[in-house]
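1. For reference, the sequence and a predicted model appear below.
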Number of protein chains: 2
Amino acid sequence: MSEKLKQLKEILGEVSDLNHAGSVLSWDQQVNMPPGGGAARGQHLATLGRIAHEKSTSEEVGNLLEDLKQEFAGSDSDDAALVRVAARNFDKSTRVPAEFVAEQAVVTTASFEAWVEAKRKSDFSIFLPHLEKVMGLMRKYVSYFPPADHPYDILLDDYEPGMKTAEVKEIFDKVRPQQVKLIKAITSAKQVKADFLYKKYNEKKVWDFSEVIISKFGYDFSRGRQDKAAHPFETSFSVNDVRITNRFEPNNPLATLFSGMHESGHAMYEQGVNPEYERTPLANGVSSAVHESQSRMWENLVGRSLPFWEHFFPELKKLFPAQLEGVSAKAFYKAINKVEPSLIRVNADEATYNLHIMLRLELEIGMIEGNIAVKDLPEIWNTKMQDYVGITPPDDAHGVLQDIHWSAGLFGYFSTYALGNLVSAQLWEKINKDIRDLDEQIRKGKFDSLLGWLREKVHTHGHKYDPQDLIQKVTGSKIDSAAYVRYLTKKYSDIYSL
Amino acid sequence: MSEKLKQLKEILGEVSDLNHAGSVLSWDQQVNMPPGGGAARGQHLATLGRIAHEKSTSEEVGNLLEDLKQEFAGSDSDDAALVRVAARNFDKSTRVPAEFVAEQAVVTTASFEAWVEAKRKSDFSIFLPHLEKVMGLMRKYVSYFPPADHPYDILLDDYEPGMKTAEVKEIFDKVRPQQVKLIKAITSAKQVKADFLYKKYNEKKVWDFSEVIISKFGYDFSRGRQDKAAHPFETSFSVNDVRITNRFEPNNPLATLFSGMHESGHAMYEQGVNPEYERTPLANGVSSAVHESQSRMWENLVGRSLPFWEHFFPELKKLFPAQLEGVSAKAFYKAINKVEPSLIRVNADEATYNLHIMLRLELEIGMIEGNIAVKDLPEIWNTKMQDYVGITPPDDAHGVLQDIHWSAGLFGYFSTYALGNLVSAQLWEKINKDIRDLDEQIRKGKFDSLLGWLREKVHTHGHKYDPQDLIQKVTGSKIDSAAYVRYLTKKYSDIYSL
């Protein structure tokens, strides 16, 4: 290894250690921390972040990267990928002044608090001035970068490197009418029964069963753990310590099972990254969409499939005989896939989910372009909800105020949820070609071939390839909606006898 | 505030943040971490430690301290104390070369592993070469400092700032014959009954009861938590996040109660430090002995007292009616104070505990002086155990190999356990003069006056005063054994009708 590469890796290793330490602190904050600990914890995290930023944006790193880019030009080795990704990160971090980062922290802390209050009181006017400030920051952020085809490209790139707004729009424009058509057909069909999902279920039994499922998936508890938190999330401290959180909602008790599958999908991705990438910028999933393709695959394509419940339903019924009396595996399968236009994105079924995303993307693009004023958001939101999903929110808490993202300055993120759905179906078609008896394996509760395939084709590569290149390499095409529409149509034609 | 003081505080604040982040990572390592996480965690901690060391030993800090020492000469303000403590820490850290610290980390990691194996196999020869290396390092460490009255002073000073070996020896020489005499008297008296302590007790009930007790003490769960770990310990991430761990041993089920009291004593000290000291070197308990005086006070002077159990025994008996059938509060009190010469320090009763410590101190001093060869330790250990406690270990696992400290390079630490006992009794006599009805309050389960007294006289000062000065200020004398001997004699005269 060249001396310069060694030096770079040493610095990036330190930065990775600092960031991982920060992740442990954040995890603890959400899982364990007593209320008193908050103020000091904010300070600890700020210090770790500042030192990591100083180290990763130093002139020394810049000079090393300049030389190494030349040294590795044209190579497709791991080290070349490392240099490429590190150079991109360096470019982004050095364009944005430290004062901006500090200002953003202050603004989003205040806007998050305002959003919490606004949502609680269902009063958009409380959030309005803060969101206007956040939007100002987003435009300022964009201004630090060279002009792109579309200003939104710059925001999107932070979550989906290399992806363009025009590409996302084209994909969404194609899939929207197809999903709307499908939903219309379902709405005219006979509705399925799902009341038994909302009976009283014992929390501990549900929690333990979720761990039975994800253990069988292949989530490695010797290199991870599942804890209770206000929101389900996945976080990595190293390839060998990848944790997930989950929650139990008494009104929707079995949601714990699906959240567990979802987060374990993210976690198995991180647990499967080539261990040689540890302490480098290659040691994580490559993008939000590819990450979401993993979580949605385990949650939906596996966890809401009929073969899956043909295996697991008898076990579940043994745990909850009263709640599931007279319910068959097939009826359970239909119930957990019930399509119903609804107001809240995170509770949306597979058929309507993407429409929630498209609405948000259009609003974000409009705001960045300056064509939508923040003050008009509630009205536009409600109109679009009626157009796409067919219902109008009764208040802003169930409408424009439902998501945390904007309050935290997360612009450019939403579309990756829908893109992840599309990618999950593209991968699924390819997997089913490579593993012909996959359904049969799932019906036996066997997931090792599936996980092995994902490990080899996706997980091990970490951040080595750009997401579109990885998807092309694995499936033969870039992100495309056809597979997802085929998947949805087939699934719901069966469930709703379309 | 002078510009230089502001600069110093900023750097020390960063160092404090890094150290606290490290503490969170260590806590997680012992409480939550899945086995796979170990290797990366070691790296994270090493990076945090290295950066904290670099920042705290920089030339900039050295220059600031030189100027500030002059500025604050003769002042007894908080800032003057901060400069004094920071300058002492700086002096220590800069005397010891970074290579030594790295070498020590390598040697003690290996010696710890060797000790685990040696203890398991009860074979001192496995540990011998490692302990010889550790001793070599200890002598090397001492050599970095200007000659002291005794080389052991330099090791002791890291745990008990300002304390001299000669002082400790003098104190111990005085107390030893008195404790030995007391034990002899007890051994000839009628033994108390304690078999009911070792029946089967439900873990969760014991654990919850330990939290009832320490909540009543005043341990603030909104600024802390108690978790399960292999060893009980206390750790602080800030004045407002001070955590403790505990364990449950089926063979000694009620030990959980006393460990909880002990660790909560440490924790209430840290929770009581003046919040204005946050992020400075003043924001912690001042020394190991003073810390131990707090933990031992809550565990022994409060938690093994008759008034305490007159209040709590009825509650305990309600939880465990079968196990405690026919047992009175007085009988329970006697049982938990049973004196019995035993081999293992951590299980020793109050009457014999200090003798275990004295033995270790003599061996440590002998080794540092070069008068005791490491290879002769087992034999000398066994002889001294017979002399002091009256029993000879059957093997080295129950003798010289029982403690972790030497394997980890912790030399100079042991005596602070015994000193802490002495200080706890000194404080206790003073407290009982200031709060005349303390026994009566304890009998009612009221601890707020006691905690308030400790907060005001000890806790709030953090590291402001040197330990001997603090003890002098509060009790009117430096560390002295008379109060402790009075306490023991009175207590055991009652229990054993001496």
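-> Noted; the coordinates are in hand.
2. From here on, just use CA atoms for contacts and neighbour counts.
-> OK.
3. hey, where'd the strands end up in chain A?
-> A:226-228, A:234-238, A:241-246 (DSSP state E).
4. how close does the residue sitting nearest the centre point of chain A sit to A:P467?
-> For chain A, the residue sitting closest to the mean C-alpha position, by Cα atoms, centre = their mean, is A:E292 at 4.4 Å. Computed as Cα to Cα, to the nearest Å, the A:E292 to A:P467 distance reads 12 Å.
5. same thing with A:K181?
-> Counting by Cα to Cα - A:K181 and A:P467 are separated by 30 Å.
6. Write out the residues of chain A neighbouring chain B.
-> A:14, A:17-18, A:20-22, A:24-25, A:33-37, A:40, A:43-44, A:47-48, A:221-225, A:237-238, A:240-241 (Cα under 8 Å from any Cα of the partner chain).
7. residue contacts, the residue nearest to the centre of chain A?
-> A:266, A:416-417, A:420-421, A:424 (Cα atoms under 8 Å, 6 or more residues apart in numbering or on different chains).
8. Out of those, which comes closest to chain B?
-> Compare each of the contacts of A:E292 with chain B using Cα to the nearest Cα and the shortest gap goes to A:H266, at 17.6 Å.
9. list the buried ones in stretch A:362-381?
-> Neighbour-count burial for stretch A:362-381 flags A:363-365, A:367-368, A:372, A:374, A:377-378, A:380-381 (criterion: 16 or more other Cα atoms under 10 Å in any protein chain shown).
10. roughly how far out does it sit from the chain middle?
-> Distance, stretch centre to chain centre, for stretch A:362-381: 23 Å (Cα atoms, centre = their mean, to the nearest Å).
11. CA atoms of it as PDB?
-> Backbone C-alpha positions of stretch A:362-381 (Å, rounded to 0.1, in the frame of the first residue of the first chain) are rendered in PDB as follows:
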ATOM      1  CA  GLU A 362     -43.700  17.400  -5.600                       C
ATOM      2  CA  LEU A 363     -44.000  19.700  -2.700                       C
ATOM      3  CA  GLU A 364     -40.300  19.600  -2.000                       C
ATOM      4  CA  ILE A 365     -39.400  20.300  -5.600                       C
ATOM      5  CA  GLY A 366     -42.000  23.100  -5.700                       C
ATOM      6  CA  MET A 367     -40.600  24.700  -2.600                       C
ATOM      7  CA  ILE A 368     -37.000  24.500  -3.800                       C
ATOM      8  CA  GLU A 369     -37.900  25.900  -7.100                       C
ATOM      9  CA  GLY A 370     -39.800  28.700  -5.400                       C
ATOM     10  CA  ASN A 371     -43.100  27.800  -7.000                       C
ATOM     11  CA  ILE A 372     -44.700  26.700  -3.800                       C
ATOM     12  CA  ALA A 373     -44.800  29.100  -0.800                       C
ATOM     13  CA  VAL A 374     -44.400  27.400   2.600                       C
ATOM     14  CA  LYS A 375     -47.600  29.100   3.800                       C
ATOM     15  CA  ASP A 376     -49.600  27.400   1.100                       C
ATOM     16  CA  LEU A 377     -48.500  23.900   2.000                       C
ATOM     17  CA  PRO A 378     -51.500  22.800   4.000                       C
ATOM     18  CA  GLU A 379     -53.900  23.600   1.200                       C
ATOM     19  CA  ILE A 380     -51.800  22.100  -1.500                       C
ATOM     20  CA  TRP A 381     -51.300  19.000   0.600                       C
END
